[in-house]
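**Q** Prediction below, plus the sequence it came from.
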Amino acid sequence: MSNPFEYAPAPESRAIVDIKPSYGLFIDGEFVDGTGTTFKTVNPATEEVLAEVAEASDADVDAAVKAARRAHTRVWSRMSGAERAKYLYRIARIIQERGRELAVLESIDNGKPIKESRDVDVPIVAAHFFYYAGWADKLQYSGFGTTPLGVAGQVIPWNFPLLMLAWKIAPALACGNTVVLKPAETTPLTALLFAEICQQADLPPGVVNIVTGAGDTGRAIVSHPDVDKVAFTGSTEVGKAIARAVAGSDKKVTLELGGKAANIVFDDAPLDQAVEGIVNGIFFNQGHVCCAGSRLLVQESVADEVMDRLKRRMATLRVGDPLDKNTDVGAINSAEQLAKIRELSAIGEAEGAERWSAPCDLPANGYWFAPTVFTGVSQAHRIAREEIFGPVLSVLTFRTPSEAVEKANNTPFGLSAGVWTDKGSLILSMANRLRAGVVWANTFNKFDPTSPFGGYKESGYGREGGRHGLEDYLKGTSVKGADS
Ligand code: NDP
């Protein structure tokens, strides 16, 4: 079925962003040349090279950690919470003022649709800084003490570059820590713009240091002996490597890792609303979402009807130019990620699941994958067990609430889940039985700075957001799994 509603293109102008041909590292309040090599960051929607970026060497990471230590000892940890809050409020306001610039740059470097970077990412980034600014002078009421840990080494992924930066930096600074942060190799540009914002806000030098690079730079940060706290978001595989690297040290660690969330639809759910939630759950941000609702569990009695409505809805999704304000699904972030999505989808077909992709014309250049759904999926299929991290939904059915719980929990992950039903009592009993850090009821992918986020099992440990997000940036707490 072709799209019945054709829209004229409505591209957002990229004139607002000023992308430099090359970028250095942000250390001790200044942009400096790195001592290592450089790499290119590309626009995944066009494959255009956007800029040459410094790859921080061990020596650069060491300089950044030293700057962070000095800033912590001499300035930031001595400042009153109320003074620190002023800086955080200032940063939050500048993010709002420069919101359009940040959103356009995020969409260019990451490939996500402008309506998401503009209406979701950037507003939540600002909200995070406002929220933790509010805590900075009230830490005595947090229940976790008031003493910062020192220097935080933070490594973030490419799916929400600026948002993950905010989740990491805002609570760290509010508690009096200083940071060395590494953005992902494919999406460094908004973190570098954030560094400019730190300068604009007159943040004391060394409080925030941004070092770009790949896995080796990340390794150098997490294993640096003068880093007191490691905060990581990314794949479970790298999370495990980091846990091994810091084992035996007295570094505090939080890990936000992968997921394979069940989005559970009961037969009494408002089905059109549920279909919107399914679409949002798996196609938001091209499915590059750790808490994506990548496994749809639908009650057998309404399975056919839900699939009909879902396919009809998927056929109306507009895939294409991330800067077009009408675009629903943007570009896949990198050639590597596209190859991984293709590989797992091919395995899904080979293992016997039935594949259906929304009819859409994909652009000739760039990295693209049509929104796809697999039916006839069993729990043994790899597409039901592994994180695909793309716009691919695996559909399973169930008959009773207990069967739904058993299937939902049959995964090494435990990050999030969704429940769709008219019955409040069923929502509560499901929420109690699902082993997931977040359970959404009759909605999906809702984020708020006041609400803690994090996982069970192989989805990691520690919580980000809310009062709980302060715990792992203050002394007096210990590393612990969410299961303990
Ligand atoms: P990674 O986990 O490799 O990357 C996350 C961050 O860690 C990046 O900044 C990366 O650097 C850095 N890094 C890589 N190796 C190390 C290391 N040994 N020590 C410290 N830091 C390190 O994710 P990928 O980008 O490689 O994606 C691979 C898969 O992971 C995806 O296909 C997806 O399934 C999953 N993923 C899950 C995420 C989630 O939130 N659950 C987020 C991102 C990916 P750099 O990228 O610059 O090399």
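**A** Sure, I can see it.

**Q** contacts, neighbours, all on C-alpha from now
**A** Noted.

**Q** Going along the chain, name the strands of the stretch 201-350 of the chain.
**A** For the stretch 201-350 of the chain, the strands defined by DSSP state E, counting those that start in this stretch occupy 208-210, 229-233, 252-256, 262-265, 295-299.

**Q** For those, give me a markdown table that also has mean neighbour count, distance to residue 196 and mean pLDDT.
**A** Listed next are the strands of the stretch 201-350 of the chain as a markdown table, based on neighbours: other Cα atoms under 10 Å; distance: least, Cα to Cα, whole Å; pLDDT from 0 to 100:
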| stretch | mean neighbour count | distance to residue 196 | mean pLDDT |
| --- | --- | --- | --- |
| strand 208-210 | 28 | 10 | 98 |
| strand 229-233 | 25 | 23 | 98 |
| strand 252-256 | 25 | 27 | 96 |
| strand 262-265 | 31 | 40 | 98 |
| strand 295-299 | 26 | 40 | 98 |
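
**Q** can you tell me which residues contact the nearest residue to residue 452 once chain neighbours are set aside?
**A** Once flanking residues are discounted, residue 452 sits nearest to residue 465: 4.4 Å by Cα to Cα, 6 or more residues apart in numbering. Residue 465 makes contacts with 167, 448-453, as judged by Cα atoms under 8 Å, 6 or more residues apart in numbering.

**Q** pretty sure residue 250 contacts residue 228?
**A** Yes - with contacts counted by Cα atoms under 8 Å, residue 250 reaches residue 228, the gap being 7.4 Å.

**Q** Up against the ligand, what does the stretch 51-200 of the chain have?
**A** Applying Cα under 6 Å from any ligand atom, we find that the stretch 51-200 of the chain lies next to the ligand at 155-157, 183-185.

**Q** run the last query once more with 5 Å
**A** Along the stretch 51-200 of the chain, the residues adjacent to the ligand under the rule Cα under 5 Å from any ligand atom are 156-157, 184-185.

**Q** most neighbours, which of the residues you listed?
**A** The most crowded member of those is residue 156, carrying 25 neighbours; neighbours defined as other Cα atoms under 10 Å.

**Q** Which residues are in contact with that one?
**A** Residue 156 touches 164-165, 181-184, 232-234, counting by Cα under 8 Å, 6+ apart.

**Q** ditto for residue 46
**A** 365-367.

**Q** Next one: it, what pLDDT does it get?
**A** Residue 46 is assigned a predicted lDDT (pLDDT) of 98.

**Q** now do residue 477
**A** 49.

**Q** for residue 7, same thing?
**A** 83.

**Q** Give me the neighbour count for it.
**A** 10.

**Q** hang on, it in a strand?
**A** No - per DSSP: H, G, I helix; E, B strand; the rest coil, residue 7 lies outside any strand segment and is coil.

**Q** what residue of the chain is the furthest out?
**A** Distance from the centre of the chain peaks at residue 301, with 34.5 Å (Cα atoms, centre = their mean).

**Q** how near is that residue to residue 397?
**A** Using Cα to Cα, to the nearest Å, we find residue 301 at a distance of 9 Å from residue 397.

**Q** any idea which residue sits dead centre in this structure?
**A** Central residue of the chain (Cα atoms, centre = their mean): residue 160, at 4.2 Å.

**Q** which stretches of the stretch 1-150 of the chain have low pLDDT?
**A** Along the stretch 1-150 of the chain, the model assigns pLDDT under 70 to residues 1-5.

**Q** let's see it at 50
**A** 1 (pLDDT under 50).

**Q** need the strands for it, in chain order.
**A** With DSSP E, counting those that start in this stretch as the criterion, the stretch 1-150 of the chain has strands spanning 22-23, 25-27, 30-32, 38-42, 49-54.

**Q** Distance from the first one to the middle of the chain?
**A** Okay, so that is strand 22-23. Taking Cα atoms, centre = their mean, to the nearest Å, the mean C-alpha location of strand 22-23 is offset from the chain mean by 25 Å.

**Q** could you say what helices and strands it packs with?
**A** strand 49-54 (3 or more Cα pairs under 8 Å, 6 or more residues apart in numbering; DSSP states H and E).

**Q** buried set for the strand it packs on?
**A** 50-54 (16 or more other Cα atoms under 10 Å).

**Q** Quick check: beta-bridge partners of residue 40?
**A** Here residue 40 sits in beta bridges with residue 52, going by DSSP bridges.

**Q** Distance to residue 288 for the buried residues of strand 49-54 - can I get that in TSV?
**A** Below are these laid out as TSV (distance: Cα to Cα, whole Å):
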residue	distance to residue 288
50	21
51	23
52	25
53	23
54	25
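
**Q** Select from the contacts of residue 46 the one having the most neighbours.
**A** residue 367 (23 neighbours).

**Q** Does it touch residue 332 like I think?
**A** Yes - between residue 367 and residue 332 there is a contact under Cα under 8 Å: 5.2 Å.

**Q** what residues are shared contacts of these two?
**A** 44-45, 338.

**Q** which among those are in contact with the ligand?
**A** Here nothing survives when the shared contacts of residue 367 and residue 332 are matched to the ligand using Cα under 5 Å from any ligand atom.

**Q** residue in the stretch 1-150 of the chain nearest to the ligand?
**A** residue 55 (9.4 Å; Cα to the nearest ligand atom).

**Q** Wait, that residue touches residue 216, no?
**A** No - using Cα under 8 Å, residue 55 makes no contact with residue 216, being 9.2 Å away.

**Q** From the ligand, how far out is residue 215?
**A** Going from residue 215 to the ligand by Cα to the nearest ligand atom, to the nearest Å gives 4 Å.

**Q** re earlier: closest to residue 258 out of the contacts of residue 465?
**A** Using Cα to Cα, residue 453 comes nearest to residue 258 of the contacts of residue 465, at 12.8 Å.

**Q** what residues are up against that closest one?
**A** 437-438, 463-465.

**Q** filter those down to the ones near the ligand?
**A** Within the contacts of residue 453, nothing lies near the ligand by Cα under 5 Å from any ligand atom.

**Q** In strands only, show me those residues.
**A** residue 438 (DSSP state E).

**Q** hmm, which of the contacts of residue 453 are the buried ones?
**A** Buried among these (16+ other Cα under 10 Å): 437-438, 463-465.

**Q** Format those residues as JSON lines; extra columns: distance to residue 101 and pLDDT.
**A** Output for those, formatted as JSON lines (distance: Cα to Cα, whole Å; pLDDT from 0 to 100):
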{"residue": "437", "distance to residue 101": "33", "pLDDT": "96"}
{"residue": "438", "distance to residue 101": "31", "pLDDT": "96"}
{"residue": "463", "distance to residue 101": "30", "pLDDT": "96"}
{"residue": "464", "distance to residue 101": "26", "pLDDT": "96"}
{"residue": "465", "distance to residue 101": "25", "pLDDT": "97"}
